[in-house]
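In: show me the folded form of this:
(one chain, ligands or ions: 2)
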Amino acid sequence: MKILAIETSCDETSAAVVEDGWRMLSNAIASQVEIHARYGGVVPEIASRQHLLQITPVIQRAMEQAGTAWDGLDALAVTAGPGLAGALLVGVNAAKAIALARGLPLIGINHLEAHIYANWLSPKIGAEAERPEGPPFPALVLIVSGGHTDLVLMRGHGEYAILGRTRDDAAGEAFDKAARVLGLGYPGGPIVQKTAEAAAEPLPMPRAWIRGSHDFSFSGLKTHVLHVAQEVGLYPAPDGFKGSAEERGRLVANIAAGFQEAVVDVLVEKTVEAALAHGAHCVLLAGGVAANGPLRQRLTERSPVRVVIPRPVLCTDNAAMIASCGYHRLLRGERSGLELDVQPNWRMAA
Ligand code: KG4
Ligand code: ZN
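Out: Ligands and ions are numbered 1, 2, ... in the order given. Next up is the predicted model:
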């Protein structure tokens, strides 16, 4: 079954053709990151306009790279939520138009569930001989993206129990806010990781454990970074810092590293705890923050069971993961009608 999938929930316009839920034939991504970086974060109106400009060329690229004729497609999958309403509308309407014109089945997909399915994809684009063995169930999933931090027990395809989630900021959001306070730019995750690599003495930072619960909290840590930055004169104006450029660089690296260690520490320990408590056979990492090097490494070291993590490019937003998720839903006989609408606040079903 060849599925054309479309993703436009935030700031990447993406289209992909995936066969049987795992073989990536293409995964075209047009990122808007540089445009939004000028404003220090995603501007919804600009995102919608960019999706409109990019959607047709990105779909054409995905079809060409896959070497698939329109007749060769079996279904369409599209992100219906959660995300920015205006951005989601572009993808959903494109998918509906193609489904109607070609008489193909259509399925609306939850973006967070799709992040999990990045773990079922072949690591590389192109025809691979053998289907990779899927992760074993029950799987303990940590979804860490820009808007969500959820611990989910996945008992089988489409069977989820939400064990815990963040009570305030998402992990990715915390990375983005820490980066802004430290004057590092947007998006924060990759820059904080890079900056932290130069740290000689990571600054100790508080951790919110919320014992006895699988929930997370990152707002206290975020506020702590803000206070430290204010005290040393890095924020609100970077020229409040009185030392040399080198001293400033060293300090920013130490704050970034301390912050990252605190986030990774809590994410890893609480994930391992949940995996043990629920007898998980593996741990899956999903979402943009899953691209974080120290998180990948620490979780792999600490987990008592096998850890499966997508390649970094498949951790951040892409349409191939939407196709994989769509495949498993279509297999179960699920379909969306042409009345499919966007669901900006769609929560993953428990
Ligand atoms: O899943 P995603 O691409 O979009 C959403 O669905 O939200 O996640 C984006 C988030 C951003 O907050 C970004 O800063 C974070 O993922 N991120 C990272 C890294 N790469 C992306 N966070 C930490 N380390 C990274 N290397
Ligand atoms: Zn995402």
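In: nearest residue to Arg61 other than its sequence neighbours?
Out: Counting by CB to CB, 6 or more residues apart in numbering, Arg61 lies nearest to Ala28, which is 4.2 Å off, once chain neighbours are set aside. C-beta here means a position set from N, CA and C on the backbone, and glycine is covered the same way.
In: and Val152, what element?
Out: Val152 is part of strand 149-156, with elements assigned from DSSP states H and E.
In: direction included, what does that strand pair against?
Out: With DSSP bridges as the test, strand 149-156 is paired with strand 139-144 (antiparallel), strand 159-165 (antiparallel).
In: got the contact list for the shortest one?
Out: Which is strand 139-144. Contact partners of strand 139-144, identified using CB atoms under 8 Å, 6 or more residues apart in numbering, comprise 112, 115-116, 149-154, 170-172, 267, 271, 274-275, 278, 280-290, 295, 299, 308.
In: quick check: residues of the protein near ligand 1?
Out: Residues of the chain lying close to ligand 1 by CB under 6 Å from any ligand atom are 10, 145-147, 172, 175-176, 187-190, 193, 287-289, 291-292, 316-317.
In: Ala28 - that's part of a strand, no?
Out: Yes. Ala28 forms part of a strand when assessed by DSSP: H, G, I helix; E, B strand; the rest coil.
In: contacting residues for it?
Out: Neighbour list for Ala28: Ser14, Ala15, Ala16, Val58, Ile59, Arg61, Ala62, Gln65, Ala319 [criterion: CB under 8 Å, 6+ apart].
In: inside strands: which ones of those?
Out: Among the contacts of Ala28, the residues falling in strands (DSSP state E) are Ser14, Ala15, Ala16.
In: among those residues, who's most crowded?
Out: For the ones in strands among the contacts of Ala28, the largest number of neighbours (other CB atoms under 10 Å) sits with Ala15, at 35 neighbours.
In: hang on, it packs against Ala319?
Out: Yes. With contact defined as CB atoms under 8 Å, Ala15 counts as touching Ala319 (5.1 Å).
In: what do those two both touch?
Out: In contact with both Ala15 and Ala319: Ala5, Ile6, Glu7, Ala28, Ala62, using CB under 8 Å, 6+ apart.
In: thinking again about what came up before, got the ones in strands among the contacts of Ala28 as a markdown table, with pLDDT columns?
Out: Shown next, in a markdown table, are the ones in strands among the contacts of Ala28 (pLDDT from 0 to 100):
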| residue | pLDDT |
| --- | --- |
| Ser14 | 98 |
| Ala15 | 99 |
| Ala16 | 98 |
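In: how about the longest helix along the chain: buried residues?
Out: Longest helix of the chain, by residue count under DSSP state H: helix 245-277. Buried positions in helix 245-277, judged by neighbour count with 16 or more other CB atoms under 10 Å: 248, 250-268, 270-272, 274-275.
In: could you do stretch 52-72 as well?
Out: Leu52, Gln54, Ile55, Val58, Ile59, Arg61, Ala62, Met63, Gln65, Ala66, Thr68.
In: now do the contacts for Ser303.
Out: Ser303 touches Thr271, Val272, Ala275, Val283, counting by CB under 8 Å, 6+ apart.
In: quick check, Val342 in contact with Leu84.
Out: No. Counting by CB under 8 Å, Val342 sits too far from Leu84 to count as a contact (9.1 Å).
In: just checking, Cys315 touches Leu295?
Out: No. Contact between Cys315 and Leu295 fails when scored by CB under 8 Å: they sit 10.2 Å apart.
In: for the stretch 51-200 of the chain, give me the ranges with low pLDDT.
Out: The model of the stretch 51-200 of the chain has pLDDT under 70 over residues 129.
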